[in-house]
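[1] got a predicted structure here, sequence first:
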There are 2 protein chains.
Amino acid sequence: MNTHSEARERVLQAAERLFAERGYIGVTVKDIAKEAGIHHASLYHHAREGKEGLFVEVMERVLRNHQAGIAEAVARGGDDLRAQLQGIADWLVSQPPMDLIRMVHVDLPAISASHAEYLEALAHEAMLEPLEEILTAAQARGQIAHPNLGHIAGGLFWAIEGLHSLPDEYLLQPRSMIASELIEVFLKGLTR
Amino acid sequence: MNTHSEARERVLQAAERLFAERGYIGVTVKDIAKEAGIHHASLYHHAREGKEGLFVEVMERVLRNHQAGIAEAVARGGDDLRAQLQGIADWLVSQPPMDLIRMVHVDLPAISASHAEYLEALAHEAMLEPLEEILTAAQARGQIAHPNLGHIAGGLFWAIEGLHSLPDEYLLQPRSMIASELIEVFLKGLTR
DNA sequence: GTCTATATAAAGATAGAC
DNA sequence: GTCTATCTTTATATAGAC
């Protein structure tokens, strides 16, 4: 394993899509093998550590990918906080749900403690810290006044990410447009 | 079954706690029986429809309980939108996570379509509609100006509910206090 | 109402042939 | 690299004794 064969890549991509959407216990090894187009026994040839090792490897990729997508959105937004936030929101709604509640309460308790700690720290670093940083930077530029930004970043993240709980049939507008309204409320407030 | 014995009530409460926290596939019948203090075979005496029937019955109770807790918080808040929102937030953080993303993407696809439809509608009615209603009422009183409140209610819900993804060790303040800051931002905005 | 015993299916995983 | 066959464990569920 750990070679870069074409079949191994198919396994990783299938696992990535499925784990990101349904989480660790919501996906079976057979589901992954089926989507990759091989027998489930063959999967162990490409992922010697089995399901848990595959999960850790793949979540690492997913989280790093989020980190990169968010960083790019931030860079494109320049010094404009609203543009940065909208870019992040567009990225998040374009990806499968990244359900950190499920991850913390369901997925991580099902794997080894050391793997769980690692993924939890990585998730924080990849998803929440970038948001916190642009808020802090905007504060330093005098664009926002709020004192306690760490938790506000989390609130912003969840307000956007929660859009994934709306089934498509319920949507009156694209998620990106709803996100835009939410960002406006975060910046300007509901009152007056 | 459907009698109101003491043992049946213990089963329902165990199932309620576990399903609410880890979802349908994250909980086994043995987990529930163990927490209720009976053998897992005995569980079928109290829940003839098995795991899925138990899940539906119990999620109904959980959602109705949320509905009642939220209604009470709203009533206590009188005509003060901030007090109403803080009451709802205090209620939500006092309960196990109600992870609607997991519910929509993981739990509901694992049960029958009719059960899934029913629970999805009930979740919307119990969790989101009350929030939407107090925003609409505040708008009618002239306290808020925003035009499109349906999705704002969802954003508010998730900003609060997302606090459950913060492990207790990460918390610098009680969740209720963080929620208070988030509500302030929703009402007044981050800028200036 | 609760248990033991058991049926049945599905899951993760390995051995070994091709 | 991929398969068939098999092992082990776990899950849901039922039958029937007490």
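    Sure, I can see it. For clarity, every value in this text was computed on a predicted model and none was experimentally measured.
[2] what's in contact with the helix or strand harbouring A:Gly155?
    Under the criterion of DSSP states H and E, A:Gly155 resides in helix A:149-161. Here helix A:149-161 makes contact (Cβ atoms under 8 Å, 6 or more residues apart in numbering or on different chains) with A:85, A:88-89, A:92-93, A:97-100, A:127-128, A:131-132, A:135-136, A:139, A:146, A:179, A:182-183, A:186, B:101, B:154-156, B:158-163, B:165-166, B:172-173, B:178, B:181-182, B:185, B:190. The C-beta positions use only the backbone N, C-alpha and C, and glycine is treated the same way.
[3] which phi and psi does the closest residue to A:Ala179 other than its chain neighbours have?
    Leaving out its chain neighbours, the residue that sits closest to A:Ala179 by Cβ to Cβ, 6 or more residues apart in numbering or on different chains is A:Ala89, at 3.7 Å. The phi/psi pair for A:Ala89 (degrees, to the nearest 10) reads phi -60, psi -40.
[4] check what pLDDT the residue nearest the centre of chain A gets.
    With distances taken as Cα atoms, centre = their mean, A:Met98 lies nearest the centre of chain A, 3.9 Å away. In this model, A:Met98 is scored at 96, pLDDT.
[5] isn't it right next to A:His66, touching?
    Yes: between A:Met98 and A:His66 a contact is recorded at 6.4 Å, counting by Cβ atoms under 8 Å.
[6] what is in contact with the two at once?
    A:Met127.
[7] for stretch A:89-102, buried residues please.
    Neighbour-count burial for stretch A:89-102, counted by 16 or more other Cβ atoms under 10 Å in any protein chain shown, picks out A:Ala89, A:Asp90, A:Trp91, A:Leu92, A:Val93, A:Pro97, A:Met98, A:Asp99, A:Leu100, A:Ile101, A:Arg102.
[8] could you do stretch A:77-91 as well?
    Buried residues in stretch A:77-91, defined by neighbour count with 16+ other Cβ under 10 Å: A:Gly77, A:Leu81, A:Arg82, A:Gln84, A:Leu85, A:Gln86, A:Gly87, A:Ile88, A:Ala89, A:Asp90, A:Trp91.
[9] which helix or strand contains A:Gly69?
    Going by DSSP H and E, A:Gly69 is part of helix A:50-76.
[10] repeat for A:Lys34
    Taking DSSP H and E as the definition, A:Lys34 sits inside helix A:29-36.
[11] quick one: the helix or strand following that helix to chain centroid distance?
    Once helix A:29-36 ends, the next helix or strand along the chain (criterion: DSSP H and E) is helix A:40-46. From the chain centre to the centre of helix A:40-46 is a distance of 27 Å (Cα atoms, centre = their mean, to the nearest Å).
[12] ditto for stretch A:159-178
    Worked out by Cα atoms, centre = their mean, stretch A:159-178 lies 16 Å from the chain centre.
[13] what is the end-to-end distance of that stretch?
    10 Å (Cα to Cα, to the nearest Å).
[14] list the buried residues in it.
    Across stretch A:159-178, burial judged by 16+ other Cβ under 10 Å covers A:Ala159, A:Ile160, A:Glu161, A:Gly162, A:Leu163, A:His164, A:Ser165, A:Leu166, A:Arg175, A:Ser176, A:Ile178.
[15] ok, stretch A:37-49 next?
    The neighbour-count check on stretch A:37-49 (16+ other Cβ under 10 Å) flags A:Ile38, A:Leu43, A:His46, A:Ala47 as buried.
[16] wait, the first one sits on A:Glu6?
    Just to be clear, that refers to A:Ile38. No: with contact defined as Cβ under 8 Å, A:Ile38 does not reach A:Glu6; the gap is 11.6 Å.
[17] for chain B, see how far away A:Leu131 is.
    From A:Leu131 across to chain B, the span is 12 Å (Cβ to the nearest Cβ, to the nearest Å).
[18] actually, A:Leu122.
    14 Å.
[19] in the helix or strand harbouring that residue, what counts as buried?
    For A:Leu122, the host element (DSSP H and E) is helix A:113-123. Buried positions in helix A:113-123, judged by neighbour count with 16+ other Cβ under 10 Å: A:Ala116, A:Tyr118, A:Leu119, A:Glu120, A:Leu122, A:Ala123.
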